[in-house]
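> what follows is a protein structure lacking sequence information:
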């Protein structure tokens, strides 16, 4: 079963910047299940719907 990608961010962001983690935290605070995974093929962090 494929995960639903909610957002994605490039892995080469500025040092100390975690936009994917911040986005996932915002979604969790709003009541949506969300987690961050790394897509090695695209070199991006993906915010995906939380797996049960």
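Arrived safely. Nothing here was measured: the structure is a model prediction, and the numbers come from that model.
> ok, residues contacting stretch 7-21?
Identification of contacts with stretch 7-21 by Cβ atoms under 8 Å, 6 or more residues apart in numbering yields 23, 36, 38-39, 42-47. All C-beta spots, glycine's among them, are computed from the backbone N, C-alpha and C.
> do that again at 6 Å, thanks
23, 36, 43-47 (Cβ atoms under 6 Å, 6 or more residues apart in numbering).
> can you tell me which of these has the most neighbours?
Neighbour tally across these (other Cβ atoms under 10 Å): the maximum, 26 neighbours, falls on residue 47.
> is that residue in contact with residue 24, as I believe?
Yes - shown here, residue 47 and residue 24 form a contact pair, counting by Cβ atoms under 6 Å, at 5.0 Å.
> could you name every residue contacting both of the two?
34, 36.
> which non-adjacent residue is nearest residue 48?
residue 3 (4.1 Å; Cβ to Cβ, 6 or more residues apart in numbering).
> next: residue 44.
Nearest residue to residue 44 in three dimensions, chain neighbours excluded: residue 8, at 4.8 Å (Cβ to Cβ, 6+ apart).
> any idea what the residue most central in space within the chain is bridged to?
Geometric centre of the chain, nearest residue: residue 47, 2.1 Å, by Cα atoms, centre = their mean. Beta bridges link residue 47 to residue 7, residue 36, judged by DSSP bridges.
> which residue, other than its chain neighbours, is closest to residue 43?
residue 11 (4.8 Å).
> need the phi and psi values for the one you found.
Backbone geometry at residue 11, expressed as degrees, to the nearest 10, gives phi -70, psi -20.
> that one and residue 29: what is the separation?
Separation of residue 11 from residue 29 (Cβ to Cβ, to the nearest Å): 24 Å.
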